[in-house]
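Novice: The sequence and its predicted three-dimensional model are supplied below.
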Amino acid sequence: MKPVLLGAILSSIFWISPIAQAENPEHVKRLIDSRSCPGCQLQGADLAAVNLQGANLQGAKLQGANLNLADLRDANLTNAVLTGASLVWTDFTNANLDGANLSQSQLQGGERFGQAFSFKKATLPDGTASYP
């Protein structure tokens, strides 16, 4: 492919697609320090292997975040947005995922996801809705 054509295609993709919001560094610090950050802007945050056991992330925006190997046992992720997040071997044991949006997220080590306390009305990685 000619470089000019490739450049035009890439430019049009960036022009059409919305600019991704990055995480709010203050929110990341608050989450790490207190394990409580409901409604926080954590899009694209690198939280790989972070201990977030018992964290309150109710309504948090975690689109595209890296949560690989994160410990989310007993966490409150009610209505959290995890669209496109990387959730490889993330531990969701006893986590509350009611109403969470996990569409297009990468989920491996699924037995830990299956041990969540609840995921009523959540949108699963394949886009299907779970029901009570």
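Specialist: Perfect, thanks for sending it.
Novice: Tell me how far Gln58 lies from Gly127.
Specialist: Look at Gln58 and Gly127: by CB to CB, to the nearest Å, they are 22 Å apart. C-betas here are computed from N, CA, C, even on glycine.
Novice: Please disregard the earlier target; I meant Gly114.
Specialist: As it turns out, when the distance is counted by CB to CB, Gly114 lies 18 Å from Gly127.
Novice: contacting residues for Ile116?
Specialist: Small correction: residue 116 is Ala, not Ile. For Ala116, the contacting residues are Phe92, Thr93, Asn94, Ala95, Asn96, Leu97, taking CB atoms under 8 Å, 6 or more residues apart in numbering as the criterion.
Novice: now those: which count as buried?
Specialist: Among the contacts of Ala116, those buried by neighbour count (16 or more other CB atoms under 10 Å) are Phe92, Thr93, Ala95, Asn96, Leu97.
Novice: List the residues that contact the last one.
Specialist: Right, the one you point to is Leu97. Contacts for Leu97 (CB under 8 Å, 6+ apart) come out as Leu77, Thr78, Ala80, Ala116, Phe117, Ser118, Phe119, Ala122.
Novice: Mind checking which of these are in strands?
Specialist: Nothing among the contacts of Leu97 maps onto strands, per DSSP state E.
Novice: Quick check: the farthest pair among those?
Specialist: Every pair in these was compared (CB to CB); the two farthest apart turn out to be Ala80 and Phe117, at 13.9 Å.
Novice: Looking at those two, which has the bigger crowd around it?
Specialist: A side-by-side neighbour count of Ala80 and Phe117, using other CB atoms under 10 Å, places Ala80 first with 31 against 15.
Novice: thought the more buried one was touching Ala55?
Specialist: No. Ala80 sits out of contact with Ala55 when judged by CB atoms under 8 Å, with a separation of 10.3 Å.
Novice: Format the contacts of Leu97 as a markdown table; extra columns: distance to Asp46 and pLDDT.
Specialist: Below are the contacts of Leu97 laid out as a markdown table (distance: CB to CB, whole Å; pLDDT from 0 to 100):
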| residue | distance to Asp46 | pLDDT |
| --- | --- | --- |
| Leu77 | 18 | 97 |
| Thr78 | 23 | 97 |
| Ala80 | 17 | 98 |
| Ala116 | 23 | 81 |
| Phe117 | 26 | 83 |
| Ser118 | 27 | 87 |
| Phe119 | 24 | 81 |
| Ala122 | 24 | 90 |
